[in-house]
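Participant: here's my sequence, what's the structure:
(2 chains)
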Number of protein chains: 2
Amino acid sequence: MEARHFLCFLFIFFGLATLLLLTWINLPYPPPNATTDLFHPKRLNNYNPLSKPKRHHDHDHASDMPHHPLDPLTIKEINRVRTLLSSHALFKNTSSYALHSITLEEPAKPLVLNWKKGDPLLPRKAFVVARVKNKSYVLTVDLTTDEVDVQKTDTSSGYPMMTMEDMTSATWAPLLNAEFNRTIVGRGVDLTDLACLPISLGWFGQREENRRLIKVQCYSMKDTANFYMRPIEGLTVLLDMDTKQVVEITDKGRHIPIPKATNTDYRYSVQGLNREMEELINPISIEQPKGPSFVVEDEHFVKWANWEFHLKPDPRAGVVVSQARVKDPNSGEMRDVMYKGFTSELFVPYMDPTDAWYFKTYMDAGEYGFGLQAMPLDPLNDCPRNAYYMDGVFTAADGTPYVRSNMICIFESYAGDIGWRHAESPITGLEIREVRPKVTLVVRMAASVANYDYIVDWEFQTDGLIRIKVGLSGILMVKGTPYDHMSQVSVQENLFGTLLSENVIGVIHDHYITFHLDMDIDGSDNSFVKVNIQRQEASPGESPRRSYLKATRNVAKTEKDAQIKLKLYDPAEFHVINPNKTTRVGNPVGYKVVPGGTAASLLDPEDPPQKRGAFTNNQIWVTPYNRTEQWAGGLFVYQSHGEDTLAAWSDRDRPIENKDIVLWYTLGFHHIPCQEDFPIMPTVSSSFDLKPVNFFERNPILGTPPNVEKDLPVCKAAASA
Amino acid sequence: MEARHFLCFLFIFFGLATLLLLTWINLPYPPPNATTDLFHPKRLNNYNPLSKPKRHHDHDHASDMPHHPLDPLTIKEINRVRTLLSSHALFKNTSSYALHSITLEEPAKPLVLNWKKGDPLLPRKAFVVARVKNKSYVLTVDLTTDEVDVQKTDTSSGYPMMTMEDMTSATWAPLLNAEFNRTIVGRGVDLTDLACLPISLGWFGQREENRRLIKVQCYSMKDTANFYMRPIEGLTVLLDMDTKQVVEITDKGRHIPIPKATNTDYRYSVQGLNREMEELINPISIEQPKGPSFVVEDEHFVKWANWEFHLKPDPRAGVVVSQARVKDPNSGEMRDVMYKGFTSELFVPYMDPTDAWYFKTYMDAGEYGFGLQAMPLDPLNDCPRNAYYMDGVFTAADGTPYVRSNMICIFESYAGDIGWRHAESPITGLEIREVRPKVTLVVRMAASVANYDYIVDWEFQTDGLIRIKVGLSGILMVKGTPYDHMSQVSVQENLFGTLLSENVIGVIHDHYITFHLDMDIDGSDNSFVKVNIQRQEASPGESPRRSYLKATRNVAKTEKDAQIKLKLYDPAEFHVINPNKTTRVGNPVGYKVVPGGTAASLLDPEDPPQKRGAFTNNQIWVTPYNRTEQWAGGLFVYQSHGEDTLAAWSDRDRPIENKDIVLWYTLGFHHIPCQEDFPIMPTVSSSFDLKPVNFFERNPILGTPPNVEKDLPVCKAAASA
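Facilitator: Have a look, this model is predicted:
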């Protein structure tokens, strides 16, 4: 061995050793291997890096008990599931398995609807998705009878949601490959500076079939925590997720420099004091001198103003809101609005057909776990001072439960907005000025799916409206380029995005977030009504007007009647009504979905990503309730072919009139990046509403009192306190 | 005369007398008549019925001085204008005139742009719209030279905005007509219970030409302050606004009962204590222990965080925001964003072609004065505790200035939202959680155009975004009906709306609010660029992907290129750029308009109301700057035929590339009323954004510090203070 080669070897060896050591230290859990018992009893640490105050009783969840049929599995229950599984035939004689999720198997809807507080708890069951010897299983574990029921083995395409261990191991597994390491060093990056990301690769044909694959792309984290801005462009590793073997390494980016670290780090500690910005805005806070107006009973049941609902974290959906009910101000009764609402799936296709980019068509819920990626919220910044926090209990691949602390926050918001108002003008001479402030209750989580951050808010208003809002922040997925100025780019050339900084392109992409909304308007039997707004021509002589708009009610009979593409020039309202109940003057009681954040997928319907993301083919869908149809992209989304999507279910065209129906709504964003998105994006939000429409006899917040000075707090600056 | 007739006469006589007396007492100013000097010196009282605290120095404005070239006319200046006019030939020998508006004639834009604080004030001029002997005049009064310049007399269609006196007199003039009074009594309403509204009648042909007309419809205010819910349906009085003579009385509603007062009053004092609602939500407040972060210099110049802008009330537009500039965090310089932004016109067509409804196609700015109708805001309810208030100085029909106190509020808002965030997941092992709270500055007014209340917010964000939001609240314009239950209505029958309560129909209508946005991105010469997003099919063999989206920039050459109808399946971004300036990496600096609240007018383009409201034919327009093109429906909107609208200007198809251009955006709402809108509507809001796009080199709020506990206030409940 020549001296030069030996030096090179030494360099690589120590680099690799250091990296492995660093990776190991930083891993939240050890990577699984043959010698590690996946069921080892060590409790995983909370991921709670900052020592910010936590706003609720800091109990350790070890003794949690379920109180409501929809309460998530407790640590005790999860441990019981692990014990039962470990003695089951399927798992007994192998260590080659992983538990991809262990969640509550919710009791049948009629049982839950009939259950009342104080009743005995319904039988508890776990829904388990497992991989055993490279096959996928769905199991039900009955915690009353101890029975384990293997409900389904994998027959169609697709794999379960990745485990955190799958994702983590993908970030270090390539480093066991010498060619990979040579390539990295060849690109001028120290192995110790390497940060790699696990990238789900979709499905484009035979290459992505019959084994669990993942692509890995890497970045330099030298001189910045924002390694996302320093891509080692064009380098893609194809990895077998089960064997951790590198299948293929492609490097098409040798000519592309790694963008500089300058101006990329966004951390306060690194940016240093920016005196000017610090002094721009005086401290501001939402204050409630008498405390918040909501209570969280039994850990998961929220009561606020005229609302009550069950709230729980879920590893796949993030936040699940169940049994939302609002009080009728006339009768005082709590009336059903929504049985269950949650983020069912996301679809994030990037718009670059080249080798290192074409496959980036993420489904963040079914591939990565939208809840698993919801990190602890930052008190005072993610949520205001008056927030309450709720923890999630999730499971590692070996079934070990762990606590994701502060995963959801709940707070009352007052932005200075107006609930309703009227003033009389001097024209009528009446001296009237009646105004009511608007206070809402927000339930929030924030998922960090690698670079991107999704802030999901469920906002409840006293007037019965529910606003579902998604904010996008975090960091762009960017592409390296040789260009450092637009003058170098010919008019013909397609950059697939925007030059954001020297050698950095922000690639165009879409975001679709599809919500499952099992509306139950005063009970489960509901209908979907399109209230079409159309121009009506006046008959000659009928009126000096030539035209006016007329609303026509059209009840959807079957699913295809409710496949809705929104049109500005063919508008409609979309009501979910109870056809068996009317108001005093005879209007059917209902809620409408008020679209917002509309962007439609324009991809070719036959493009493989669009087949998999076919649930974005319409903005609104309505399906009959079917407890197996929860996930718009299918139960097994990873590498799926798109046979089990909402689009496929809906095309069965089942009857939906006067039935238990589920409404689906997709929020969409086209994102052409701009320089303001570099190096971290100001939040962009969109929302849609679920709004009462002839649900109440009249304005339900007529009795809201106005603010008066004497009720407001007396405050002083903390420094002078 | 028979005894019965005499009794009837007595009844009517005393009723009428009482009503006149009441009306007189309640009038904010005496109705103009031949014996009253329109220029009498008595200062009009502020309309400030409630004795709520006012949050800024309560000075009487009598000694106000202008400080900025765009400052509105002061009381002194207005009085000087009156003096100059009174000695002008046009007015000298007649008392038969009215001054419909006296506002600042803004100096030429280049002069304003060159003016700096400390420079001598630019020559002050007044822009006066007057009616003299039934002719309309536009005059300029030069306050430096005392010259009065008669710029224009009326040649085309349309009349000036009504004066408050026009509107007020319409409410009592019909009572001078015996037939009207007989009709009212015949409908079972005491004249003392009568409330009448002045309703602009549009233009439908010869009948609405050659004289100023108005329609009057009336309501019973017996047992409720919410008389709007008690229409005397079908009764319409056609009135000559100049002579106050009744031209025609139509009563087609004798068979329609007047709806009951039950459940219609919304006042807190009348509803009585609603203990339950009172206790639903604990007091909540936005607190700033160190005070607000903004200053208002010289009464009209607002500085907050990285923003500065000039702000003034306007009788027609409401709020005018001028010379909005944002600080560049790199250079520290204040950069031009918008020269002038305001609500240019509203269009509110009702969708009922019948006799008493077809003409209801309001243009609230040009007919009623959007600013004139902006009543004093209610501290603590219309705006939070930390708000600052600005007064308007308007003029009566005789030119007398009066103060509309608390017409605009300015406050910092914090709703618990997130400016930007990123957390790293355990996948990468980095322990990062950086989150910044989002604080904004809101400028608000609320106009009560008879029944409806429009809340207009200009919200400034530190990331450079301006959100323009319109909230709709107030009271529906409803129609009486014999029906009290939907079961009485045949399927074929068109109600033109929703049965909201017994005998009350909420009639379907649209709202369009068109904004004039004179964008100046780093200077006046700008271009409008459509960034079209289109599907691109991948060539065979190019990629496993079949399709992706591509963004193509298309610069609008002329106005017709910029007549934009939004399409969900043919999306685009709409940029106003400075083609003469690029960022460091070569992108043109710009702002984009981000549509929201999109509803398109579907009326027949040849329908007279749509001709007059032709500015709603597109959602976006761009015109070259022309100081006479401020009002989208034309300067003289009242009874106009639609020759002078934005649509007519734009059809001239002038060049708009690399020119001083004006962007126009229309917010739209289709409103099918529902029972929740009865008897007063919970606020419905929509907004659109002006957002930097490659305007900054990078995220301009990177340096924002996070919230920390020690900066927040220490509060206690007031009761315990």
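
Participant: in the stretch 301-450 of chain A, what residue is nearest chain B?
Facilitator: In the stretch 301-450 of chain A, the residue that lies nearest chain B is residue A:429 (3.0 Å; C-beta to the nearest C-beta). Any C-beta I mention is one placed from the backbone N, CA and C, and that applies to glycine too.

Participant: ramachandran angles for that residue?
Facilitator: The phi and psi values for residue A:429, taken as degrees, to the nearest 10, are phi 80, psi -10.

Participant: next one: residue A:709
Facilitator: phi -50, psi -40.

Participant: count of neighbours near it?
Facilitator: Here the count is done by other C-beta atoms under 10 Å in any protein chain shown, and residue A:709 has 11 residues near it.

Participant: repeat for residue A:83
Facilitator: Residue A:83: 14 surrounding residues under other C-beta under 10 Å.

Participant: just residue A:490 next, same as before
Facilitator: Neighbours around residue A:490, by other C-beta under 10 Å: 5.

Participant: next: residue A:353.
Facilitator: By the measure other C-beta under 10 Å, the count of residues near residue A:353 is 20.

Participant: does the residue lying farthest from the centre of chain A count as helix, strand or coil?
Facilitator: Using C-alpha atoms, centre = their mean, the residue of chain A lying farthest from its centre is residue A:541. It sits 56.3 Å away. Secondary structure of residue A:541, reduced to three states by DSSP: H, G, I helix; E, B strand; the rest coil: coil.

Participant: look up how far residue B:353 lies from it.
Facilitator: Per C-beta to C-beta, to the nearest Å, residue A:541 is found 11 Å from residue B:353.

Participant: ditto for residue A:530
Facilitator: Taking C-beta to C-beta, one finds residue A:530 at 24 Å from residue B:353.

Participant: any idea how far the residue of the stretch 301-450 of chain A closest to chain B lies from residue B:477?
Facilitator: Computed as C-beta to C-beta, the residue A:429 to residue B:477 distance reads 19 Å.

Participant: neighbour count for the two, which is higher?
Facilitator: Neighbour count, other C-beta under 10 Å: between residue A:429 and residue B:477, residue B:477 has more, with 23 against 18.

Participant: right, and that one touches residue B:451 too?
Facilitator: Yes. At 5.4 Å, residue B:477 counts as touching residue B:451 under the criterion of C-beta atoms under 8 Å.

Participant: now the common contact residues for the two.
Facilitator: Shared contacts of residue B:477 and residue B:451, defined by C-beta atoms under 8 Å, 6 or more residues apart in numbering or on different chains, comprise residue B:228.

Participant: and residue A:505, what does it touch?
Facilitator: When contacts are counted by C-beta under 8 Å, 6+ apart, residue A:505 touches A:478, A:479, A:480, A:481, A:495, A:496, A:497, A:498, A:499.

Participant: who wins for neighbours among these?
Facilitator: Ranked by the number of neighbours (other C-beta under 10 Å), those place residue A:478 first, at 27 neighbours.

Participant: report the central residue of chain A.
Facilitator: In chain A, the residue lying closest to the centroid (C-alpha atoms, centre = their mean) is residue A:370, at 4.5 Å.

Participant: could you pull up the residues touching the closest residue to that one other than its chain neighbours?
Facilitator: Once flanking residues are discounted, residue A:370 sits nearest to residue A:318: 4.3 Å by C-beta to C-beta, 6 or more residues apart in numbering or on different chains. Applying C-beta under 8 Å, 6+ apart to residue A:318 gives the contacts A:342, A:343, A:365, A:370, A:371, A:374, A:445, A:447, A:456.

Participant: and if you look at residue A:629?
Facilitator: Listed by C-beta under 8 Å, 6+ apart, the contact partners of residue A:629 are A:623, A:646, A:649, A:662.

Participant: got any ranges where chain A has weak pLDDT?
Facilitator: In the predicted model, chain A carries pLDDT under 70 at residues A:1-58, A:152-155, A:272-278, A:719-721.

Participant: distance of residue A:621 from residue A:662?
Facilitator: Counting by C-beta to C-beta, the gap from residue A:621 to residue A:662 is 9 Å.

Participant: re the thing from before, surely the residue nearest to the centre of chain A is in contact with residue A:452?
Facilitator: No. Counting by C-beta under 8 Å, residue A:370 sits too far from residue A:452 to count as a contact (11.3 Å).

Participant: any shared contact partners between these two?
Facilitator: In terms of C-beta under 8 Å, 6+ apart, residue A:370 and residue A:452 are not both contacted by any residue.

Participant: all strands of the stretch 551-700 of chain A, in order?
Facilitator: Counting by DSSP state E, counting those that start in this stretch, the stretch 551-700 of chain A has strands at residues A:572-582, A:588-594, A:620-624, A:659-671, A:681-693.

Participant: chain B is nearest to which of these?
Facilitator: strand A:681-693 (4.1 Å).

Participant: domains of chain A?
Facilitator: Following automatic domain parsing, chain A resolves into domains at A:3-30+A:164-276, A:75-153, A:294-711.

Participant: could you identify the most distant pair in the contacts of residue A:505?
Facilitator: Largest separation among the contacts of residue A:505 by C-beta to C-beta: A:480 and A:498, giving 14.0 Å.

Participant: and residue A:175, helix, strand or coil?
Facilitator: Looking at residue A:175 with three-state DSSP, the answer is helix.

Participant: pretty sure it sits against residue A:181.
Facilitator: Yes. Between residue A:175 and residue A:181 there is a contact under C-beta under 8 Å: 6.3 Å.

Participant: if we can go back for a sec, for the residue nearest to the centre of chain A, phi and psi?
Facilitator: For residue A:370, the backbone dihedrals (degrees, to the nearest 10) come out as phi -70, psi -30.

Participant: just send the strands of the stretch 551-700 of chain A back as CSV, with mean neighbour count and distance to residue B:585 too.
Facilitator: Converted to CSV, the strands of the stretch 551-700 of chain A look like this (neighbours: other C-beta atoms under 10 Å in any protein chain shown; distance: least, C-beta to C-beta, whole Å):
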stretch, mean neighbour count, distance to residue B:585
strand A:572-582, 21, 44
strand A:588-594, 24, 40
strand A:620-624, 22, 40
strand A:659-671, 23, 19
strand A:681-693, 22, 17
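
Participant: now the end-to-end length of stretch A:452-468.
Facilitator: Stretch A:452-468 has an end-to-end distance of 19 Å (criterion: C-alpha to C-alpha, to the nearest Å).

Participant: anything in that stretch near chain B?
Facilitator: Yes. Legend: contact between stretch A:452-468 and chain B by C-beta under 8 Å from any C-beta of the partner chain is shown at A:453, A:455, A:461, A:462, A:463, A:464, A:465.

Participant: closest one of those to residue B:305?
Facilitator: Distance to residue B:305, by C-beta to C-beta, is smallest for residue A:455 among those, at 22.1 Å.

Participant: kindly state the beta-bridge partners for the closest one.
Facilitator: Here residue A:455 shows beta-bridge partners residue A:446, residue A:471, assigned using DSSP bridges.
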